[in-house]
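S.K.: can't give you the sequence, but here's the structure:
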DNA sequence: AATTAGATTAAACGCATGTTTAAATCATGC
DNA sequence: GCATGATTTAAACATGCGTTTAATCTAATT
């Protein structure tokens, strides 16, 4: 039977694989189309440009991730005592949901996010802000509530450091995971990285 | 009088400015030579390649920074009670020394370091490891001594998160600093970023 | 002053990128 | 079964990159 896969899907799948492995700038349209087994010009035909393709790849995940995150934030909101670590743990559920998009969806999405931040993808930030800005504002508000001892300025910096740690962990992720596996002789995946990251960032936010 | 500046120095100065502003990959030799007011080919004549130029730019700082850092680590070693935060504070002295290279040396150097890590500059890592590997080993040893409650694996991950936070802070530095200045209506420089970073990473390392 | 080694220059090379073109092919509705 | 619109294709285009070449200029040495 071999269900026919549309050219668009073939391109998205190949692009997602290569983008998450090597980054957006390091991946050429020629690599993508070769991997997908389609013609070079079909990217511009179906998506218009490389930038638009990048957005389309991200959108497949964001559309699933963001509503579930918002849902979790709503739940957190109702708790009386709001702890930072518990807030970050809420990311695990929307993240896990991404297995519905792809078996390794959580890993892939986090790496894509990391590249989106470390490379300067202005158009992506604009898109994310526009489509999902509300959810992110909500998160910031809850973080402030969980850390009333931090003034605005401290909160500002530490949030960005957290972002940096997370982004870096994912971008250097594959390399780091390989080193860790060699070092500790046990399997490591994105979930393990997150599990180590959460107490670190929570600890970093917590101190006065 | 207008002391004659050698072509090499002109190139190094222009490259340093552009590299630290835009990153290594984003800066072309044509930009550099135009900024320096020299011929395009002179980069390859004097340095051999773009990679070698990048190394030369970094070397001007590393040669000053690393010996002073090692000196500080020696001093820290002699303390009986070794606290993480105090260890990180020792970075401020070698960093401040960089004003001798350039008025904004500390800012520039940290940004260059950030780009060196976030872009994949394998040759740079090799060079640093070879020339200054000893100092870095020393730092790691002291960190372990200051955090005996963390096992090898936790230490491994948190160190990399620290690195990520620091790198990100510097690479996104200019943008962040501008946002912070607008937000808090006061001057901010690399030193301030470091001052906020130190308690964050120390807090993150400290928790069990 | 002539020679010579070093420094500078304009131009071109070779390659890779994203994008566009125009012709060929395919699939669908009448 | 043919016409029409969507898709696919191979090729070329335009641009930017790091690097190389070969000629020219400069300045110090004999």
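M.R.: Structure's in. What do you need? What you see is a predicted model; the values in this text were computed from it and never measured.
S.K.: what pLDDT does residue A:29 get?
M.R.: pLDDT, residue A:29: 97.
S.K.: do residue A:187 as well
M.R.: pLDDT, residue A:187: 68.
S.K.: repeat for residue A:66
M.R.: Residue A:66 is assigned 90 on the pLDDT scale.
S.K.: helix, strand or coil for it?
M.R.: Here residue A:66 is helix, with the state taken from DSSP: H, G, I helix; E, B strand; the rest coil.
S.K.: Just the buried positions in stretch A:53-69, please.
M.R.: For stretch A:53-69, the neighbour count (16 or more other CB atoms under 10 Å in any protein chain shown) marks A:53-58, A:60-62, A:64-66, A:68-69 as buried. C-beta here means a position set from N, CA and C on the backbone, and glycine is covered the same way.
S.K.: Redo those as a markdown table? Include distance to residue A:139 and secondary structure.
M.R.: Listed next are the buried residues of stretch A:53-69 as a markdown table, based on distance: CB to CB, whole Å; DSSP: H, G, I helix; E, B strand; the rest coil:
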| residue | distance to residue A:139 | secondary structure |
| --- | --- | --- |
| A:53 | 28 | helix |
| A:54 | 24 | helix |
| A:55 | 22 | helix |
| A:56 | 25 | helix |
| A:57 | 23 | helix |
| A:58 | 18 | helix |
| A:60 | 22 | helix |
| A:61 | 17 | helix |
| A:62 | 14 | helix |
| A:64 | 17 | helix |
| A:65 | 13 | helix |
| A:66 | 11 | helix |
| A:68 | 13 | helix |
| A:69 | 8 | helix |
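S.K.: Just give me the closest of these to DNA strand C.
M.R.: Using CB to the nearest atom of the strand, residue A:53 comes nearest to DNA strand C of the buried residues of stretch A:53-69, at 7.6 Å.
S.K.: what residues are up against the closest residue to the closest one other than its chain neighbours?
M.R.: Spatially, and ignoring its direct neighbours in sequence, residue A:53 is nearest to residue A:47 (4.4 Å; CB to CB, 6 or more residues apart in numbering or on different chains). For residue A:47, the contact set (CB atoms under 8 Å, 6 or more residues apart in numbering or on different chains) comprises A:8, A:11, A:53, A:56.
S.K.: now chain A, which segments are flagged as low pLDDT?
M.R.: Along chain A, segments meeting pLDDT under 70 span A:1-3, A:120-122, A:125, A:171-185, A:187-191, A:204-208.
S.K.: Near DNA strand C, which residues of it are found?
M.R.: Contact residues (CB under 7 Å from any atom of the strand) of chain A with DNA strand C: A:27, A:28, A:29, A:30, A:31, A:40, A:41, A:43, A:44, A:49, A:50, A:51.
S.K.: How about the backbone phi and psi for the closest residue to residue A:194 other than its chain neighbours?
M.R.: Taking CB to CB, 6+ apart, and ignoring the residues beside it in sequence, residue A:194 has residue A:92 as its nearest neighbour in space, at 7.0 Å. With angles defined as degrees, to the nearest 10, residue A:92 sits at phi -70, psi -30.
S.K.: now do residue A:41
M.R.: The phi/psi pair for residue A:41 (degrees, to the nearest 10) is phi -70, psi -20.
S.K.: ok, now residue A:49?
M.R.: Taking degrees, to the nearest 10 as the convention, residue A:49 sits at phi -160, psi 170.
S.K.: mind checking how far it is from chain B?
M.R.: From residue A:49 across to chain B, the span is 20 Å (CB to the nearest CB, to the nearest Å).
S.K.: Over to residue A:110?
M.R.: On the measure of CB to the nearest CB, residue A:110 and chain B end up 13 Å apart.
S.K.: isn't that residue right up against residue A:168?
M.R.: No. Contact criterion CB atoms under 8 Å: residue A:110 and residue A:168 do not qualify, at 11.4 Å.
S.K.: show me the contacts for the nearest residue to residue A:60 once chain neighbours are set aside.
M.R.: Nearest residue to residue A:60, sequence neighbours excluded (CB to CB, 6+ apart): residue A:101, at 6.0 Å. By CB under 8 Å, 6+ apart, residue A:101 lies in contact with A:60, A:61, A:64, A:109.
S.K.: Narrow the residues of chain A next to DNA strand C to those in helices?
M.R.: A:29, A:30, A:31, A:43, A:44, A:50, A:51 (DSSP state H).
S.K.: Give me the contact list for the helix or strand that residue A:85 is a member of.
M.R.: Assigned by DSSP states H and E, residue A:85 belongs to helix A:84-89. Where contact means CB under 8 Å, 6+ apart, the residues beyond helix A:84-89 that reach it are A:76, A:79, A:139, A:142-143, A:146-147, A:198-199, A:201-202, A:205-206.
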